[in-house]
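> the following comprises the amino acid sequence and a computationally predicted model.
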Amino acid sequence: MSNPQHLQYTKEHEWLTAVEGGVSTVGITAHAATALGDIVYVQLPEVGADVTAGESCGELESTKSVSDLFSPVTGKIVEINQDVLDDNSLVNSAPFEGGWLFKVQVESTDELLSADEYTAFIGG
């Protein structure tokens, strides 16, 4: 699965949409989902929680391991994807669509990569 050009990426394998109305949508990349294996548990930040760019804000547990979820931006959580909490496999099956994780009111961003830069970073 290729990395959509319209998204930005982090070296921790999260993606985010361009800010629209002050809000970005965040998820993990297909590369990360594949590396983790089948996701069996998702812990997301609560709506209203403050997150800081580059810091852990949740966890993804797979059949292989537990991995921290890092926020690519600093801001306030405005929505979480209840569908992912109800069906963790969405993270694996649709990481760039239905498997998004949360939406955040963006205050500032960390260092972000373009799709081409991320693809080069993961060796693709």
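That came through fine. Numbers count the residues shown, from 1 in each chain.
> gap between the residue nearest to the spatial centre of the chain and residue 17?
Residue closest to the average C-alpha location in the chain (CA atoms, centre = their mean): residue 27, at 2.3 Å. Distance, residue 27 to residue 17, by CB to CB, to the nearest Å: 9 Å. In this view, the C-beta of every residue, glycine as well, is placed from N, C-alpha and C.
> residue 4 now?
Applying CB to CB to residue 4 and residue 17 gives a distance of 9 Å.
> neighbour-wise, which of the two wins?
residue 17 (17 against 14; other CB atoms under 10 Å).
> leaving out chain neighbours, which residue sits closest to the more buried one?
residue 25 (4.6 Å; CB to CB, 6 or more residues apart in numbering).
> what about that neighbour, neighbour count?
By other CB under 10 Å, neighbour count at residue 25 equals 18.
> now do the phi/psi pair for it.
When read as degrees, to the nearest 10, the backbone of residue 25 gives phi -100, psi 140.
> now swap in residue 53 and tell me
Per degrees, to the nearest 10, the backbone of residue 53 is at phi -50, psi 130.
> which residues are in contact with it?
71, 72, 73, 74, 108, 109, 110 (CB atoms under 8 Å, 6 or more residues apart in numbering).
> how close does the first one sit to residue 18?
Same thing as residue 71. From residue 71 to residue 18 the distance is 17 Å (CB to CB).
> higher neighbour count, the two?
Neighbour count, other CB under 10 Å: between residue 71 and residue 18, residue 71 has more, with 27 against 10.
> got the confidence number for the more buried one?
Looking at residue 71, its pLDDT stands at 96.
> once you drop chain neighbours, what's closest to it?
residue 51 (3.9 Å).
> so what's the one you found up against?
45, 57, 71, 73, 74, 75, 76, 77, 104.
> would you confirm that the third one contacts residue 44?
Translated: residue 71. No - using CB atoms under 8 Å as the test, residue 71 is too far from residue 44 to be in contact (10.8 Å).
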